[in-house]
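Q: Quick one, fold the following:
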Amino acid sequence: MLGISHFACFSPVVVESLLLALLLVGSFSPVECFHFNYPLFNESTENDFHLMRSEIAVNAIQVTHDVSGSPITNLSGQALYKRPFKLWSESKGTASFNTTFVFRITPRTDPGGEGLAFILTGHATRPENSEGKWLGIVNASTNGSAQNQIVAVEFDTRKSYMEDLSNNHIGVNVNSVYSIKQANLSINLSSGTDITVKVQYDGKILSAFVGTQMKAPAIALPINLPEHLPQKVFVGFSASTGNHTQLNCVSSWEFSGLSVDEDPDLLWVWIMVPVTVLVSGVAFYFSWKCKCAKQEEEEDDPWVEQQIQGSSTAPRKFRLKELKTATENFNSKNELGKGGFGRVYKGFLKNKEVAVKRFSRNSHQSKQDFIAEVTTISNLHHKNLVKLVGWCYEKRELLLIYEFMPNTSLDKLIFYKKSDEENPITLNWETRYGIICGVAQALDYLHNGCEKRVLHRDIKASNIMLDSDFNARLGDFGLARIIQQSDYTHHSTKEIAGTPGYMAPESFHTGRAAVETDVYAFGVLVLEVVCGRKPGDQSVNNKYNNGIVDWVWEYYRRQRILDVVDLRLNGVFRKEQTEYALMLALSCCHPNPYQRPSMRISLRVLTGEVDPPVIPIEKPPFVWPATPPVSFREDLEYPPTGGLLSPPSELIGR
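A: Got it, this is the predicted structure:
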């Protein structure tokens, strides 16, 4: 009996014709959808996998151990999805599937070794002694045995055999480490960058696409998988190192398949020849087709809800219809603002004003930011943080509900515009200084007051909300990441995150967020509030092409630092307090991250407990790696942020 999965390679018209023919003469073979999607991995997803000498760390599967200070030679590991996939049955034929994943291979020797593989296997166990050239899939005694029940698409990074084409090739292996077909790759597997791979099987041909070019497969092989694999298989990854080593990281993974099912209780449709029954059958088919299309269109990723509901502090979940009613179906007249994430709307829930943040639909990155924001901020409680009221994920809509801030965001009130010259100033000095202190308190809480340290990673004026009394509330935790104070001092990222103008110079070299990078962004924010100018505002003099930091530092060098104060203050400000705030801001923006004060020290400066740090008259050049102070004395008033920087390294995970 033919299954629906057999028609995946035909055009829609042909599929419809074939299905109608089946309605006339036979029956449907029942199939069930097998699908999962992991945009990232964390502790809450560990139970979904058989991890054998593998681990989940830095939001990714480390297929071979990546533990700082531990040797990584002669390792093998496997990571398999726990739920088996029904690949074939004697009566229903073979299922089809496709999978897309992103991996990163970072060599530790030249060349690296040995390789990473996507595998289908009948065994949820890792072969012993499968390190080195065996890629974690077989060993010397089992190589070539049909009992292995394994098919692998290998990404080989070392020429371990004479038969290997090179130390940068793809191959298909069946029960053996020797490939039955292989091909050289133009893309460098060991580049230390993210590589996207798509593997698909239509019941006859196994194909793999590598890199950005997805139009033509890097390798394609006619193969009858049921000849080599049992009916139920586990899917996952395998990797190994030998004396040549590399880090093998899988940062995201999606798998979809039509799994043949022999459950006798599933609905079977028998269509007889009489016209009346035929009409009913055709009507059923088109009804079924429309329903499937609608389900596909509105299908939600269960992984998103699992991540949020797995948090003990998750806020209330709202229904989509509630939020549509609250915002008048996201009416443009209720729009409060927009950004790279999407748009924010004003709404009313039980006669209470709220702000509804609507993420861009169906975006992989949006899901990551959405989960990060909910799971991070729901654990935080501070008067200077925007309060998260609830969330919604329904029909692929990603929505967050926040308390409403009547005075909008700081950037809408603080930046200097020519059109504002005749308008009365909105924020006086006392209000501005209170905002600066409020943000400092929020960051001190995130860095030092939480059980787990939180890096915000996107501090800027547009993310500072103002309540009815113009008190500062730090919001937008879409880029925030939690780090264990005892284990990690930074967060590594596969792509540089943040907003230009607020990002510390070392971020572009390390790809790491740390407390020092948050401190730098805070320094830029203080300059904005005092000067009323955006970070990249160069309207005063084109000479200062590095933005507001260079501009203010030049005025400090000329001993005219108060000349940078926003003209709209009309000279009404506390001069010593303002000068101290500017000097603190420049120290936070010091090119050497070791010289920046912590947020705890910054807060003490703002409250008048200690004087601002002494900063050099000339802005020091940026040098990387940064040089830490030669020694520290316990009586130093301004120790660095606690030695939180780490040597620069590769970019891992997100």
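Q: CA atoms for contacts and neighbours, from now on please.
A: Fine.
Q: Determine the next helix or strand in the C-terminal direction from the helix or strand of the chain with the lowest mean pLDDT.
A: Every helix and strand of the chain was ranked by mean pLDDT, DSSP states H and E. The lowest is strand 490-492, at a mean of 41. Next helix or strand after strand 490-492 toward the C-terminus (DSSP states H and E): helix 507-510.
Q: gap between that following helix and the chain center?
A: Per CA atoms, centre = their mean, to the nearest Å, the displacement of helix 507-510 from the mean C-alpha position of its chain is 18 Å.
Q: Mind checking the pLDDT average for that helix?
A: Across helix 507-510, pLDDT averages out at 72.
Q: Note down every partner strand of the next helix or strand after that helix and its orientation.
A: Using DSSP H and E, the next helix or strand after helix 507-510 towards the C-terminus is strand 512-514. The pairing partners recorded for strand 512-514 under DSSP bridges are strand 490-492 (antiparallel).
Q: what sits against P535?
A: 501-502, 524, 528, 547-549 (CA atoms under 8 Å, 6 or more residues apart in numbering).
Q: and which of these is nearest V572?
A: V572 has its nearest neighbour among those in E528, at 17.2 Å by CA to CA.
Q: by contact count, what packs against the strand or helix carrying the closest one?
A: Assessed by DSSP H and E, E528 sits inside helix 515-531. When contacts are defined as 3 or more CA pairs under 8 Å, 6 or more residues apart in numbering; DSSP states H and E, helix 515-531 packs onto helix 429-444, helix 548-557, helix 575-588.
Q: Take those helices and write them to JSON lines, including distance to F404 and mean neighbour count.
A: Formatted as JSON lines, the helices and strands packed on helix 515-531 follow (distance: least, CA to CA, whole Å; neighbours: other CA atoms under 10 Å):
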{"stretch": "helix 429-444", "distance to F404": "18", "mean neighbour count": "21"}
{"stretch": "helix 548-557", "distance to F404": "31", "mean neighbour count": "20"}
{"stretch": "helix 575-588", "distance to F404": "29", "mean neighbour count": "21"}
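Q: Let me know which of these is the nearest to V151.
A: helix 429-444 (50.5 Å).
Q: neighbouring contacts of that closest one?
A: Counting by CA under 8 Å, 6+ apart, 382-385, 464, 470-474, 522, 526, 529-530, 569, 572-574, 599-600, 602-603, 606-607 sit against helix 429-444.
Q: Relative to N184, how far out is N168?
A: 6 Å (CA to CA, to the nearest Å).
Q: When the two are compared, which one has more neighbours?
A: Between N168 and N184, N168 has the larger neighbour count (other CA atoms under 10 Å), namely 21 against 16.
Q: what residues are up against the more buried one?
A: 155-159, 184-185, 188-190 are the contacts of N168 under CA under 8 Å, 6+ apart.
Q: go again using 6 Å as the cut-off
A: 156-157 (CA atoms under 6 Å, 6 or more residues apart in numbering).
Q: Same question for C589.
A: Per CA under 6 Å, 6+ apart, neighbours of C589: 520, 523.
Q: What distance do you get for it to W253?
A: 38 Å.
Q: if we can go back for a sec, redo the contacts of P535 as TSV? Include pLDDT.
A: Putting these into TSV (pLDDT from 0 to 100) gives the following:
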residue	pLDDT
G501	80
Y502	82
V524	95
E528	94
G547	84
I548	92
V549	94
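Q: Scan those and report the most crowded one.
A: V524 (27 neighbours).
Q: Name the nearest residue to that one, ignoring sequence neighbours.
A: Spatial nearest neighbour of V524, excluding adjacent residues (CA to CA, 6 or more residues apart in numbering): Y502 at 6.1 Å.
Q: Quick check: the one you found vs F330, distance?
A: 31 Å.
Q: Next: L40.
A: Distance from L40 to F330, by CA to CA: 30 Å.
Q: still on that earlier bit, in helices only, show me the contacts of helix 429-444.
A: Applying DSSP state H to the contacts of helix 429-444, the entries found in helices are 522, 526, 529-530, 599-600, 602-603, 606.
Q: Just the buried residues out of those, in ChimeraX syntax.
A: Here is the ChimeraX command that selects the buried residues among the ones in helices among the contacts of helix 429-444 (16 or more other CA atoms under 10 Å):
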select :522,526,529,530,599,600,602,603,606
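Q: Let me see the ranges of the helices in this structure.
A: 12-25, 275-298, 302-309, 320-326, 364-377, 411-414, 429-444, 507-510, 515-531, 548-557, 575-588, 599-606.
Q: so A218 makes contact with S207?
A: No - look at A218 against S207 with CA atoms under 6 Å: they stay out of range, at 7.7 Å.
Q: Only C-alpha atoms, please: export stretch 83-94 in CSV.
A: Output of stretch 83-94 as CSV, limited to C-alpha atoms (Å, rounded to 0.1, in the frame of the first residue of the first chain):
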residue,chain,number,x,y,z
ARG,A,83,11.7,9.4,20.6
PRO,A,84,12.3,6.9,17.7
PHE,A,85,11.2,7.6,14.2
LYS,A,86,9.1,4.9,12.4
LEU,A,87,11.1,4.7,9.1
TRP,A,88,9.3,1.8,7.4
SER,A,89,6.9,-1.0,7.6
GLU,A,90,6.4,-4.1,5.4
SER,A,91,2.9,-3.1,4.4
LYS,A,92,3.1,0.6,4.3
GLY,A,93,6.5,1.2,2.7
THR,A,94,9.1,3.8,3.5
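Q: how far out from the middle of the chain is it?
A: 34 Å.
Q: Next: stretch 522-531.
A: 29 Å.
Q: Equivalent analysis for stretch 150-163, please.
A: On CA atoms, centre = their mean, the centre of stretch 150-163 falls 30 Å from that of its chain.
Q: And the contacts of that stretch?
A: For stretch 150-163, using CA under 6 Å, 6+ apart, the contacting residues are 113-121, 166-175.
Q: how long is it from one end to the other?
A: 20 Å.
Q: buried stuff in that stretch?
A: For stretch 150-163, by 16+ other CA under 10 Å, it's 150-160.
Q: ok, now stretch 123-139?
A: 123-124, 126-127, 129-139.
Q: Also stretch 216-225?
A: Buried residues in stretch 216-225 (16+ other CA under 10 Å): 218-221, 225.
Q: Mind putting the helices and strands packed on helix 515-531 into TSV with distance to G77?
A: Shown next, in TSV, are those (distance: least, CA to CA, whole Å):
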stretch	distance to G77
helix 429-444	40
helix 548-557	48
helix 575-588	44
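Q: doesn't G342 make contact with S360?
A: Yes - with contact defined as CA under 6 Å, S360 and G342 form a contacting pair (4.8 Å).
Q: Between those two, which has more neighbouring residues?
A: Per other CA under 10 Å, whichever of S360 and G342 has more neighbours is S360, with 19 against 15.
Q: and that one, what does it touch?
A: S360 is in contact with 341-342, counting by CA under 6 Å, 6+ apart.
Q: any idea how far it is from S96?
A: Counting by CA to CA - S360 and S96 are separated by 31 Å.
Q: got a list of what N334 touches?
A: 345-346.
Q: Backbone dihedrals for E618, both of them.
A: phi -90, psi 140 (degrees, to the nearest 10).
Q: okay, now it: neighbour count?
A: 11.
Q: Could you find the closest non-adjacent residue to it?
A: Per CA to CA, 6+ apart, closest to E618 is R557, 6.1 Å.
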